[in-house]
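Participant: Sequence and predicted structure, then a few things I'm wondering about:
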Amino acid sequence: MTNDITFSITTTRFDEDYAPAENSRVTTNFANLARGEGRRQNLRNALSMMDRRLNELLSADARYRVELDIVSVQLAFADGADDEEFPVIEVLDVHIVDTETGERHQGIVGNNFSSYLRDYDFSVVLPAAKAAAGAFTVPDDFGDLHGKLFQHFLDSSAYRERFPSSPVICISVSTSRTYHRTGVVHPVLGVEYEQDAFSLTDEYFAKMGLQVRYFMPRGSVAPLAFYFRGDLLADYTDLQLAGTIATMETFQKIYRPEIYNAVIPAGEVYRPTLDQPDFVRTGIDYDREERSQLAVVQGRYAEEHFVKPHRAALDAWAANFGAVLR
């Protein structure tokens, strides 16, 4: 039964004083920024970039400020068979502060998405499948468990009592796909693009019950991928969408400057690449290689401490959950 698994939520403010908690996923992108001698300056610079971009999108001349909370989700088996909580997901919750009135507006939850189980799927399951087949292959059930657990979390009382709307995950476009402009233009999201085919990431998020649209906001040089439930254009205000863009475009400029800080913006047809030589670095330290290495470490941690010891219980739970949205 779906109530055999429950969730709890804790939050941590992401500001210039942020330091990753001991139980926080170290592959989380924002945790990567918060280590080393320059950690405070890294965080201060990133937050300043977000505020500037937010006001630029809203044509507001420094009126608004972004506030971010890291939302950490722990999973527990409700039958009491194992009282250990496992950290499954971390996302960001955005609020927008009007510095003229002092009013604090609810933004969108989601934005960045980190998951131990996703690390397991991409860094353990896929390489194992490739090794067994002698070529790249994707198992038929790839991402099924993760997708069901995520949907169960969104439908849980832990989520519904805390957040008023569905999440939006905003990440980079895929370097394996080509994108074409459509005729759709949104006042904040900008110009819409469509991909030539679904990427593996698109299909993985689809199993989480999320559809995708791609938009390049005004002043941006590349489209962002927005994964969402419901109606992206109708379910959120322009202020909320601007908060997500300002937050996640800033992170992408730091993580993938070859794409999001490129000198030449995306044209009618666009194929993103990390081999682009003409781009501007932000000056904010980020170790992309370390993150890839840690994804493997934490994928194996999920295998050892979550998947293997609870395989029978998880399989039984998933079998009773019902069909996964595709």
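Facilitator: That came through, no problem.

Participant: which residues in this structure form strands?
Facilitator: All strands of the chain, identified by DSSP state E, fall at 5-14, 64-77, 86-98, 104-115, 168-172, 179-186, 190-195, 211-216, 224-228, 269-270.

Participant: which outside residues touch the fourth one?
Facilitator: When you say that, I think you mean strand 104-115. Strand 104-115 is contacted from outside by 25, 27-30, 66-67, 71, 88-98, 146, 150, 163-165, 167-171, 227, 236, 239-241, 243-244, 247-248, 251, using Cβ atoms under 8 Å, 6 or more residues apart in numbering. Every residue, glycine included, has its C-beta placed from N, CA and C.

Participant: List buried residues within those.
Facilitator: 25, 27-30, 66-67, 71, 88-97, 146, 150, 163, 165, 167-171, 227, 236, 239-241, 243-244, 247-248, 251 (16 or more other Cβ atoms under 10 Å).

Participant: So for the longest helix along the chain, mean pLDDT?
Facilitator: Identified as the longest helix of the chain according to DSSP state H is helix 39-58. The pLDDT scores in helix 39-58 average 93.

Participant: and that helix with strand 64-77, angle?
Facilitator: 110 degrees (axes from the mean of the first three to the mean of the last three Cα atoms, to 10 degrees).

Participant: how about TSV for the strands of the chain, with mean pLDDT and distance to residue 319 added?
Facilitator: Below are these laid out as TSV (pLDDT from 0 to 100; distance: least, Cβ to Cβ, whole Å):
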stretch	mean pLDDT	distance to residue 319
strand 5-14	93	13
strand 64-77	95	16
strand 86-98	94	19
strand 104-115	95	21
strand 168-172	97	27
strand 179-186	96	37
strand 190-195	98	32
strand 211-216	98	25
strand 224-228	98	26
strand 269-270	98	41
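
Participant: In TSV, list those strands along with distance to residue 46.
Facilitator: Putting those into TSV (distance: least, Cβ to Cβ, whole Å) gives the following:
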stretch	distance to residue 46
strand 5-14	9
strand 64-77	10
strand 86-98	12
strand 104-115	12
strand 168-172	15
strand 179-186	25
strand 190-195	22
strand 211-216	21
strand 224-228	17
strand 269-270	26
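
Participant: so who does residue 73 touch?
Facilitator: Neighbours of residue 73 in contact, by Cβ under 8 Å, 6+ apart: 7, 8, 9, 87, 88, 89, 90, 91, 153, 158.

Participant: Closest one of these to residue 184?
Facilitator: residue 91 (26.6 Å; Cβ to Cβ).

Participant: What separation is there between the closest one and residue 100?
Facilitator: To residue 100, residue 91 is 29 Å away according to Cβ to Cβ, to the nearest Å.

Participant: Same check on residue 140?
Facilitator: 54 Å.

Participant: Equivalent analysis for residue 278, please.
Facilitator: For residue 278, the distance to residue 100 - Cβ to Cβ - is 39 Å.

Participant: before we move on, what about residue 195?
Facilitator: 40 Å.

Participant: Look at these two and report which has more neighbours.
Facilitator: Per other Cβ atoms under 10 Å, whichever of residue 195 and residue 100 has more neighbours is residue 195, with 20 against 10.

Participant: To what extent is the closest residue to the more buried one other than its chain neighbours buried, counted in neighbours?
Facilitator: In this structure, residue 195 finds its nearest non-sequential neighbour in residue 177, 4.6 Å apart by Cβ to Cβ, 6 or more residues apart in numbering. By the measure other Cβ under 10 Å, the count of residues near residue 177 is 21.

Participant: What of residue 135?
Facilitator: 8.

Participant: Next one, pLDDT for it please.
Facilitator: On the pLDDT scale, residue 135 gets 92.

Participant: Do a quick rundown of the helices in the stretch 201-326 of the chain.
Facilitator: 238-255, 257-260, 288-302, 311-321 (DSSP state H, counting those that start in this stretch).

Participant: which ones are touching the closest residue to residue 269 other than its chain neighbours?
Facilitator: Among residues not flanking residue 269 along the chain, residue 180 sits closest, at 5.6 Å (Cβ to Cβ, 6+ apart). Contacts here follow Cβ under 8 Å, 6+ apart; on that basis residue 180 touches 193, 194, 196, 268, 269, 270.
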